[in-house]
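1. predicted model and sequence below, questions to follow.
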Amino acid sequence: MNQLKNFICILTILAATTGLFANLPPVVTNASAQQRTDGSKIVDIHFDVEDAENDTLTVTLFVSDDEGASFSITPDGANLSGDIGEGVMPGVGKHIVWSAGDETQIFDAGTFVFKVTADDHSLPADWVYVQGGTFQMGQEGLSEPVHTVTVSDFAICAHEVTQAEWVETMGSNPSAHQGNNNYPVDSVCWYDVIVYCNQLSMNDDLIPCYTINGSTDPADWGTVPTSQNATWDAVTCDWNADGYRMLTEAEWEFAARGGNQSQGYTYSGSNNPDEVAWYHENSGIQTHEVMTLAQNELGIFDMSGNVWEHVWDWEDDYPVAPQFNPVGPVTGTDRRARGSNFNDTAYYIQIAWHQNFPPTYGTGTFGLRVGRSMGIRQTMASNWAIVEGGTFEMGIEDHDPSEVPIHTVTVSTFAMCVHEVTQAEFSEIMGYNPSYQVSSNRPVEYVRFYEAVKYCNLRSMEEGMTPCYTINHSTDPNDWGGVPTTYNNSTWDTMTCDFTANGYRLPTEAEWEFAATGGNDSMGYTYCGGNNPNDVGWHGGNSSGYSHNVMQKQPNELGLYDMNGNVHEMCTDWYNATYYSVSPQNNPTGSEGGTWRSLKSSGWNNSSYAFYPQRRSSCYPGVQNDTIGFRVVRGGF
């Protein structure tokens, strides 16, 4: 028996989770470890583990002697007893007993860190559960602007799809680089990938993610197009399905950086490309067997080099605003690819590098990696900003009596479109354009509040979200009848709003003003994003008498455009000139009833004096004016 001297245990066990079942993995918590003081050289490890489906678990203990940098020590199973190994049920007060003194390795003086993992056997051994988090996406001088992105939990295969896996599902091997079944499949285009993902999902009795022409069965889609195809480009993704799919660009970069375990490496897993990537200098201009180089912080291989990996997103400029589960634009010409390939230099295999390719493009440098969603998730297009909830002082002195008293308001987190609803967006949903100054990328105007509410619910329904507005006990605008053309309508004015729904709606006055002033990132500017009105908005002094395309001026601190000028923006609230004196502090939503609806911002015809973000005004819900439009938000976070 080895003698133990000064055996020290870190009391915080690093709790690792793996496994995927109904999108919920087991979770290890409340871990602690202590060596007994009776000279027995026994270590007691206590922990709790929960699993939503109450599956039996396999629990494993790992030990690190380098302060958690690696866990290369696996105790001998003969020296372990208690809640360890197979068949462990979830619960509290779990206990592992380790007879450390009986190990062949000598544990004399030192500091040791323990890791307990729980696996419910629903995630294959070559898959990784990625806990969601927030990171800085992009890189100065490489892929700009660097911006804040938050992603939810997801699962990712630790390796690129191999030729063997592709053949098993698709029946043939398109690869240019053959000779080893464990080489990544190559010569596959983006269209090929969505077919593979859905076919594999069906084979594994999972819900397919992709839909074309109302069907998730690739057999109904016809032959994979060899040129750009409008029908295939209209494919939609069910982000809450449990089937296989491509990663979004944000998920890919988060995982490549090491997720919440990121060490800030230049390449995925190292600052030395030879350790982690097959690229021009070491590949022999050839793909290589997957998982043969070092893994990254999450245990994922080949995210730098080997083959390009198709991701979901259409190409688009990166936004300035913080993003939450971004999925890219709705339409486009080219799709993103990440990770670069075996024939590129070290510069191009950096984590942040991306390129754009038509969905038909799939040479011998193109492969794929698959992922799966984990639980119910919200997704955001790239032209949306997450406004983290916070507390601010609402109102302003010495302007208008309705804007006092200044009072403290707290709003919850919500998402806001970075631009006003455009005429093109409105026409796509409503089938017509009411605007007086017609131009597709200008904000829609000459639009009634009633029409804006209808637009929000119709768009929510079209995109599979829960509508926010209810009229006559229905959230379906088809049940509401024609949009009223009078200033007020007693039926439509009884509308209610479910602020917890995840669909589209108009912001409240408080949400609008909090976002306009920069939210938690506010720099205290006079206007929305700056102290010079000409920099941030279109007003009577610079508009030439008409509205302008959205997103032409400088955004504010949250990446929101045109919060000053262009058009007034409607809010959900009933307007009350004395509301500030009775407003609740938390998430105020306006008076219970009234005659006018609230407006924020100002129009292209107003003087710059009216540009301040605290400005309040109002309109009848049935009124039309070519200076009035709207912007949409989403709650439910």
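-> Here it is on my side, so go on. This is a predicted model, so every value here is computed, not measured.

2. C-alpha only now, for contacts and for neighbours.
-> Fine.

3. quick one: low-confidence ranges for the chain?
-> Counting by pLDDT under 70, the chain contains low-confidence ranges at 1-24, 69-70, 108-110, 121-122, 376.

4. which parts of it are helices?
-> The residue ranges that make up the helices of the chain, judged by DSSP state H, are 163-170, 190-203, 230-233, 249-256, 273-276, 423-430, 449-462, 509-516, 533-536.

5. make TSV from those and add distance to residue 105 and mean neighbour count to it.
-> Formatted as TSV, the entries for these read as follows, by distance: least, CA to CA, whole Å; neighbours: other CA atoms under 10 Å:
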stretch	distance to residue 105	mean neighbour count
helix 163-170	40	17
helix 190-203	45	21
helix 230-233	59	14
helix 249-256	34	26
helix 273-276	29	19
helix 423-430	67	18
helix 449-462	61	21
helix 509-516	59	26
helix 533-536	67	20
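
6. and the nearest residue to residue 594 once chain neighbours are set aside, how far from residue 357?
-> Taking CA to CA, 6 or more residues apart in numbering as the measure, residue 594 lies nearest to residue 574, with 5.7 Å between them; neighbours along the chain are not counted. Going from residue 574 to residue 357 by CA to CA, to the nearest Å gives 48 Å.

7. neighbour-wise, which of those two wins?
-> Set side by side, residue 574 and residue 357 show unequal neighbour counts under other CA atoms under 10 Å, the larger going to residue 574 at 24 against 17.

8. how many residues are close by residue 213?
-> Around residue 213 there are 12 other residues, counting by other CA under 10 Å.

9. can you check residue 331 too?
-> 15.

10. cool, and residue 473?
-> Neighbourhood size, residue 473 [other CA under 10 Å]: 11.

11. quick one, strands of the stretch 101-250 of the chain?
-> Remark: strands assigned in the stretch 101-250 of the chain by DSSP state E, counting those that start in this stretch are 110-119, 127-130, 133-139, 143-151, 154-157, 210-211, 236-237, 244-245.

12. for residue 594, find the nearest of those strands.
-> Judged by CA to CA, the one of the strands of the stretch 101-250 of the chain that comes nearest to residue 594 is strand 143-151, at 38.7 Å.

13. contacts made by the closest one with the rest, please.
-> In this structure, residues lying in contact with strand 143-151 by CA atoms under 8 Å, 6 or more residues apart in numbering are 132-140, 250-251, 254, 318-326, 352-354.

14. mind checking which of these are buried?
-> The neighbour-count test (16 or more other CA atoms under 10 Å) marks 132, 134-135, 137-138, 250-251, 254, 318-326, 352-354 as buried among the contacts of strand 143-151.

15. return the residues in contact with residue 637.
-> 413-414, 500, 502.

16. any chance of CSV for the helices of the chain, columns distance to residue 550?
-> Below are the helices of the chain laid out as CSV (distance: least, CA to CA, whole Å):
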stretch, distance to residue 550
helix 163-170, 44
helix 190-203, 31
helix 230-233, 25
helix 249-256, 25
helix 273-276, 42
helix 423-430, 10
helix 449-462, 18
helix 509-516, 16
helix 533-536, 11
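
17. which outside residues touch stretch 265-272?
-> If you take CA under 8 Å, 6+ apart as the criterion, stretch 265-272 is touched by 256-258, 273, 276, 294-297, 302-304, 349-351.

18. neighbour-wise, which one of those residues leads?
-> Using other CA under 10 Å as the neighbour criterion, residue 303 leads those with 33 neighbours.

19. that one - nearest residue in space that isn't next to it in sequence?
-> For residue 303, the nearest residue in space outside its immediate sequence neighbours is residue 339; the separation is 5.4 Å by CA to CA, 6+ apart.

20. that neighbour against residue 310, yeah?
-> No. With contact defined as CA atoms under 8 Å, residue 339 does not reach residue 310; the gap is 9.1 Å.

21. just name the most buried of the strands of the stretch 101-250 of the chain.
-> Of all these, strand 244-245 carries the top mean neighbour count, a mean of 28, counting by mean count of other CA atoms under 10 Å.

22. quick check: can you name the pairing partners of that strand and their directions?
-> For strand 244-245, the paired strands and their directions (DSSP bridges) read strand 371-373 (antiparallel).

23. what's near enough to touch the residue lying closest to residue 235 once chain neighbours are set aside?
-> Residue nearest to residue 235 in three dimensions, not counting chain neighbours: residue 212, with 4.9 Å by CA to CA, 6+ apart. Contacts for residue 212 (CA under 8 Å, 6+ apart) come out as 221, 231-232, 234-236.

24. so residue 212 bridges to which residues?
-> Taking DSSP bridges, one obtains residue 215 as the residues bridged to residue 212.

25. gap between it and residue 309?
-> Separation of residue 212 from residue 309 (CA to CA): 22 Å.

26. could you do residue 345 as well?
-> Between residue 345 and residue 309 the distance is 17 Å, computed by CA to CA.

27. between these two, who's got more neighbours?
-> The residue with more neighbours, out of residue 345 and residue 309, is residue 309; 29 against 17, by other CA under 10 Å.

28. which residue sits closest to the more buried one, ignoring its sequence neighbours?
-> Residue nearest to residue 309 in three dimensions, not counting chain neighbours: residue 368, with 4.4 Å by CA to CA, 6+ apart.

29. before we move on, what about residue 555?
-> Using CA to CA, 6+ apart and skipping the chain neighbours, the partner closest in space to residue 555 is residue 561 (4.5 Å).

30. how about stretch 372-388: buried residues?
-> By neighbour count, and taking 16+ other CA under 10 Å as the criterion, the buried residues in stretch 372-388 are 372-375, 378-388.

31. distance between the ends of it?
-> Its first and final residues considered, stretch 372-388 spans 27 Å by CA to CA.

32. on that earlier part again, and the residue nearest to residue 303, how many neighbours does it have?
-> Counted with other CA under 10 Å, the burial measure for residue 339 works out to 28 neighbours.

33. kindly report the same for residue 74.
-> Neighbours of residue 74 under the rule other CA under 10 Å: 11.

34. just the buried ones among the contacts of residue 637, please.
-> Buried subset of those (neighbour count, 16+ other CA under 10 Å): 413-414, 502.

35. so which of those residues are in strands?
-> Cross-referencing the buried ones among the contacts of residue 637 against strands under DSSP state E gives residue 414.

36. now the buried ones among the contacts of residue 637 as a markdown table including distance to residue 87?
-> A markdown table is the format used below for the buried ones among the contacts of residue 637 (distance: CA to CA, whole Å):
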| residue | distance to residue 87 |
| --- | --- |
| 413 | 41 |
| 414 | 43 |
| 502 | 40 |
